[in-house]
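Q: Fold the stuff below for me.
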Amino acid sequence: MSGDKSALSVIVAGGGTAGHIEPALAVADAIKAIDPNVVVTALGTERGLETTLVPARGYPLELVPPVPLPRKPTMDLLKLPARIVKSVRRTRAVMDETNADVVIGFGGYVALPAYLAAGRGPLRRRRKIPIVVHEANASAGIANKIGARRAARVLAAVSGSGVAARGSSDAEILGIPVRSSITDLDRGALRAQAREYFGLPADGPVLLVFGGSQGARSLNVAVSGAAEAFSRAGIAVLHAHGPKNSVDVDTGGGSAPYVAVPYLSRMDLAYSAADAVVCRSGAMTVAEVSAVGLPAVYVPLPHGNGEQELNARPVAVAGGGMIVADAELTSEYVIANIVPLMQDETRLEEMGRAASSVGHKSAADDVARIALEVAARDSNTHDPNRGTR
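A: Presented below is the predicted three-dimensional model:
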């Protein structure tokens with residue numbers, strides 16, 4: 001592997017979970033759309049989803065040792081310095097081999113070593129590689145807070161995330177980068193095809209339910225327990241329960257189908273088939289659902305630092321969604337609140353418009369252009385004959 005010295009070289013660092021990987025890949029796609037000659041390399045770990053997602057999108061993936069940051073004092077904290085050194089050494093080698101001009105970090109296990117490796121090496125004279133940080137969550141992680149101190153530009157999905165460039169009180173607010181297949185989605189044009197694809201009726205309301213790549217037990221239990229009420233009300237359900245889970249469905253002889261699947265590989269068709277969504281509120285999920293203009297019932301994860309509720313709050317305030325605590329999402333709640341919502345076409349249309357108003361469809365392009373500007377400026381400073389081709 002060697003870097004092409006005639007074209008800009010970009011490193012995207014966002015491995016671990018889909019919430020970090022998908023924005024990175026959306027920006028990678030946007031960069032290649034702006035300039036196909038730019039070389040984009042993804043950093044990841046051997047145990048993350050990136051080992052599947054990155055190659056599928058056609059980008060080279062370089063694996064580095066992960067650096068999970070313990071939230072509490074444990075024995076893992078004692079191992080942290082050695083892990084950081086090992087990961088930074090490997091990451092620096094990737095940057096040298098690719099002749100990297102800019103690092104775009106999205107948080108996660110590979111972001112911290114990327115930020116540290118972008119600095120001058122302790123045993124060699126080498127220029128710094130400029131950093132662009134993007135924070136997708138409403139509450140910034142430790143890696144991005146550290147990266148922001150070194151960054152040329154600091155970007156975020158929402159204001160008040162707690163990450164900002166040196167000397168600034170807040171980051172530049174651009175939204176979350178979402179892949180073009182979602183931002184450009186014409187749900188109306190695909191509606192008939194999407195419903196046929198999933199075996200759903202051509203007419204009548206459809207509720208989409210998903211709890212992330214592994215599913216969510218509380219969503220599975222609550223919504224499937226209301227299957228008969230949905231079916232008798234003429235509301236079809238498309239429910240992705242997760243590959244390791246299953247749901248018991250009894251429609252009680254109702255007319256509308258309840259389609260349960262382990263996983264949704266065609267989210268574009270799932271969004272196009274639906275009139276509303278019940279889902280978790282990870283940053284990427286909220287961004288996609290808002291971008292396509294779907295009303296949503298967001299059920300934040302009951303653990304963590306509360307960032308999922310913060311992610312959904314702007315959409316709820318705008319009127320594009322509802323936030324329901326995990327403990328409150330029961331079959332009784334679903335029957336009393338979500339079934340009537342699905343029968344109210346006017347309210348669904350109003351919520352859909354409100355959700356669209358919160359989305360940032362240009363975020364991937366905006367982040368890509370900023371990163372290329374930073375890369376070109378720094379590259380031309382050191383080599384006036386080099387830049388985007």
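
Q: Please look at E22 and G212 and confirm they touch.
A: No: between E22 and G212 there is no contact under Cβ atoms under 8 Å: 11.9 Å. To be clear about C-beta, it is placed using only N, CA and C from the backbone, and glycine gets the same treatment.

Q: Quick check on the two: which one has the bigger neighbour count.
A: Legend: neighbour count by other Cβ atoms under 10 Å for E22 and G212, higher for E22 (26 against 18).

Q: what's the more buried one in contact with, if anything?
A: Shown in contact with E22 (Cβ atoms under 8 Å, 6 or more residues apart in numbering): 53, 177-179, 284.

Q: Where neighbours are concerned, which of those residues has the most?
A: Neighbour-wise, the contacts of E22 (other Cβ under 10 Å) top out at P177, 32 neighbours.

Q: which residues of the stretch 51-200 of the chain fall in strands?
A: In the stretch 51-200 of the chain, the strands defined using DSSP state E, counting those that start in this stretch lie at 61-63, 102-105, 131-135, 153-156, 172-173.

Q: Please pull out the lowest mean pLDDT helix or strand from the chain.
A: helix 75-98 (a mean of 83; mean pLDDT, DSSP states H and E).

Q: chain center to that one, what's the gap?
A: Remark: helix 75-98 is offset 25 Å from the chain centroid, using Cα atoms, centre = their mean, to the nearest Å.

Q: which parts of it are buried?
A: For helix 75-98, a neighbour-count test (16 or more other Cβ atoms under 10 Å) marks 83-84, 87-88, 90-92, 94-96, 98 as buried.

Q: One more: stretch 300-316?
A: 300-301, 307-316.

Q: Then stretch 97-110?
A: 98-110.

Q: and which of the residues you listed is nearest to G253?
A: G108 (47.2 Å; Cβ to Cβ).

Q: Can you verify my assumption that that closest one contacts G14?
A: Yes: using Cβ under 8 Å, G108 is in contact with G14, at 5.5 Å.

Q: shared neighbours, those two?
A: Common neighbours of G108 and G14 (Cβ under 8 Å, 6+ apart) are 20-21.

Q: quick revisit: a markdown table for the strands of the stretch 51-200 of the chain, including mean pLDDT?
A: Shown next, in a markdown table, are the strands of the stretch 51-200 of the chain (pLDDT from 0 to 100):
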| stretch | mean pLDDT |
| --- | --- |
| strand 61-63 | 95 |
| strand 102-105 | 97 |
| strand 131-135 | 96 |
| strand 153-156 | 96 |
| strand 172-173 | 94 |
